[in-house]
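Enquirer: Here's a sequence, model it:
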Amino acid sequence: MNSYTDVEKKLWPKYREEINHSRNTVEVEGVFTMQVAELLSEILGEKIYSEDVIFHPQEECFYRFTEKLLKNENFKTAFESSDLGAIIDRYAHSANSRYVHLSKLPEKTNSKIKRH
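Expert: All right, here's what the predicted structure looks like:
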């Protein structure tokens, strides 16, 4: 089994900072999809776009991938034979926690946006 925790550790600090500074739920979604795309790009050695990653905070699994990405043989191999799923799960749980927090405070979030 392959392990990509070294890539995760390299990207995690930037991700945490961006998630923690997200001002609304739309920003959380954008940070998550861009970061997972960056993670996949680095692991697969090919450009993966944020549009291929879908954040679903209301679902049991907080993310999905497009059919295009699911048909990518490099992606399938990496996802099935490594800890990649667990890494993305950690990213997703972090994003979902921030998403839930911000969705509970919409008036506060909106007032912060207006001030900036």
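
Enquirer: all contacts plus neighbour counts: C-alpha atoms, from now on.
Expert: Fine.

Enquirer: Next up, the contacts around the most centrally placed residue in the chain.
Expert: By CA atoms, centre = their mean, the chain has its centre lying nearest to residue 32, at 2.9 Å. For residue 32, the contact set (CA atoms under 8 Å, 6 or more residues apart in numbering) comprises 15, 19, 55, 91, 92, 95.

Enquirer: Just the buried positions in the host helix or strand of it, please.
Expert: Per DSSP states H and E: residue 32 is located in helix 25-44. By 16 or more other CA atoms under 10 Å, the buried positions in helix 25-44 come out as 25, 27-40, 43.

Enquirer: ditto for stretch 72-80
Expert: For stretch 72-80, the neighbour count (16+ other CA under 10 Å) marks 75, 78, 79 as buried.

Enquirer: export these to CSV and tack on distance to residue 103?
Expert: Shown next, in CSV, are the buried residues of stretch 72-80 (distance: CA to CA, whole Å):
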residue, distance to residue 103
75, 32
78, 33
79, 31
